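A.B. asks: No letters, just coordinates:
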């Protein structure tokens, strides 16, 4: 029998035996969904560092946060006095900008919010933006596809540079301006489109220095994002970047410089905060991997046993085929192909179902969307395929071993066991 004919026969068996096939399919999909969820939970429990790294173009080991605890601290002056510091500044907040002049940008952004939920976004009459100081540009994962960096502008004055995702290109052009006016009609601020960003650009959450950051977003995707760049000014705290090997020395120098002015500062190493957050997150899934291994073994054995019994119950049909000239090798191949159909369909259905559920319940922002896709392709899909193949091979091999010891007459009589 030709292989194409075997494929057709195996498919016909699945269709004709639809109730048993559907029952086996539902059981397999249910088992696979549980396994996928366990793998997803264990894979994402310690992923906070990955979230932060998505937003950085430099090594997180060199990133510090300096918190100024005294009033009227000239933090900028302290930081500028230390030559090892390469970059400094802040990500001030991620929120809604309701400036009327910018409403045009909502036409593109709406429905693709980065850090608000869809319901929250609809409540506000504005656009999502991230405000960042000029000095942090080179630290962030911001890749220009068109335009100039903030450092190439001598002065900003009352102008605010805005950088848009490249998805805005076409409706907006580099150099376009949006003017904010007061009630007298006077221009009080201009937003200047300074460039377009690659869709894979991202920026850190302003609160990554805090272990009390319960949302643990880590970063924001700029696939549909807008970044406002403002001058670096004194504030209650600043991020600084230096070579990782200089971190300890820089931290000491900051504290020494502050002490000379009787100022109180606290220097926080971001990588230490991230590692702590990941350790705490992993505690919630402790022991889950062992549970997954036991569950997978139980799943493979139970599904294989069920499908093996199903094949054996159909031995009469195989006997009729063999009495009409089909050899055992062809029968064995058809059994394997039938089980393979079930495995492929099960993986597809389980994958679609879990992706829909994950995006429904876990996808609160674009970074989560990217992480879900990455975890699925790199961590979840391969084990699901291997488990399904294992079930197919075992549930095909067992009947074959039994059938090869029997004669055609045993098939016809149903005396297989």
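C.D. replies: Cool, got the structure. As the structure is a prediction and not an experimental result, all values here were calculated from the model. Numbers count the residues shown, from 1 in each chain.
A.B. asks: wait, is residue 192 part of a helix?
C.D. replies: No. Assigned with DSSP: H, G, I helix; E, B strand; the rest coil, residue 192 falls outside any helix and is strand.
A.B. asks: Compute the number of surrounding residues for it.
C.D. replies: 16 (other Cβ atoms under 10 Å). The C-beta positions use only the backbone N, C-alpha and C, and glycine is treated the same way.
A.B. asks: so who does it touch?
C.D. replies: Contacts for residue 192 (Cβ atoms under 8 Å, 6 or more residues apart in numbering) come out as 159-162, 175-177.
A.B. asks: wait, which of the residues you listed is closest to residue 290?
C.D. replies: residue 162 (50.2 Å; Cβ to Cβ).
A.B. asks: right, and that closest one touches residue 193 too?
C.D. replies: Yes. Counting by Cβ atoms under 8 Å, residue 162 touches residue 193, with 5.8 Å between them.
A.B. asks: Which helix or strand contains the residue nearest the centre of the chain?
C.D. replies: Nearest to the mean C-alpha position of the chain, by Cα atoms, centre = their mean, lies residue 371 at 0.6 Å. Element membership of residue 371 [criterion: DSSP states H and E] is helix 366-375.
A.B. asks: Would you mind giving both backbone torsions of residue 187?
C.D. replies: Main-chain torsions, residue 187, degrees, to the nearest 10: phi -80, psi 120.
A.B. asks: need the contact list for it.
C.D. replies: If you count contacts by Cβ under 8 Å, 6+ apart, then residue 187 has 179-181 around it.
A.B. asks: And residue 391, by the same measure?
C.D. replies: Contacts of residue 391 (Cβ under 8 Å, 6+ apart): 28, 299-300, 303-304, 307, 339, 343.
A.B. asks: give me the element residue 64 is part of.
C.D. replies: strand 63-68.
A.B. asks: How is this structure divided into domains?
C.D. replies: With domains defined by automatic domain parsing, the chain comprises 3-45+284-413, 56-281.
A.B. asks: These: lowest mean pLDDT?
C.D. replies: For the domains of the chain, mean pLDDT drops lowest on domain 3-45+284-413, to a mean of 80.
A.B. asks: Return the distance of that one from the chain's centre.
C.D. replies: 27 Å (Cα atoms, centre = their mean, to the nearest Å).
A.B. asks: now do stretch 246-262
C.D. replies: Counting by Cα atoms, centre = their mean, stretch 246-262 comes out at 37 Å from the chain centroid.
A.B. asks: From here on, call the first residue 703.
C.D. replies: Sounds good: first residue 703 from here, last item stretch 948-964.
A.B. asks: Name the residues of it that are buried.
C.D. replies: 948-949, 952-953, 955-957, 959-960 (16 or more other Cβ atoms under 10 Å).
A.B. asks: cool, stretch 1004-1024 as well?
C.D. replies: So, applying 16+ other Cβ under 10 Å, buried residues of stretch 1004-1024: 1005-1006, 1008-1010, 1012-1014, 1016-1017, 1020-1021, 1023-1024.
A.B. asks: Among the residues you listed, name the ones in helices.
C.D. replies: 1005-1006, 1008-1010, 1012-1014, 1017, 1020-1021, 1023-1024 (DSSP state H).
A.B. asks: wait, what's in contact with residue 927?
C.D. replies: 816, 830-832, 866-867, 899, 903, 905, 1068.
A.B. asks: Look up how far residue 794 lies from it.
C.D. replies: Distance, residue 927 to residue 794, by Cβ to Cβ, to the nearest Å: 15 Å.
A.B. asks: what does residue 780 give?
C.D. replies: Residue 780 is 19 Å from residue 794, by Cβ to Cβ.
A.B. asks: Repeat that for residue 717.
C.D. replies: 61 Å.
A.B. asks: Ok, residue 741 next?
C.D. replies: 38 Å.
A.B. asks: which one of the two has more residues nearby?
C.D. replies: residue 741 (23 against 15).
A.B. asks: helix, strand or coil for the more buried one?
C.D. replies: helix.
A.B. asks: Am I right that it is in contact with residue 1085?
C.D. replies: Yes. Here residue 741 reaches residue 1085: they are 6.0 Å apart, a contact under Cβ under 8 Å.
A.B. asks: picking that back up, farthest-separated two in the contacts of residue 1093?
C.D. replies: Across the contacts of residue 1093 (Cβ to Cβ), the longest gap, 15.0 Å, separates 1001 and 1041.
A.B. asks: neighbour count winner among these two?
C.D. replies: Remark: of residue 1001 and residue 1041, residue 1041 carries more neighbours, 29 against 20, as counted by other Cβ under 10 Å.
A.B. asks: what's near enough to touch the more buried one?
C.D. replies: 1009, 1013, 1093-1094, 1097-1098.
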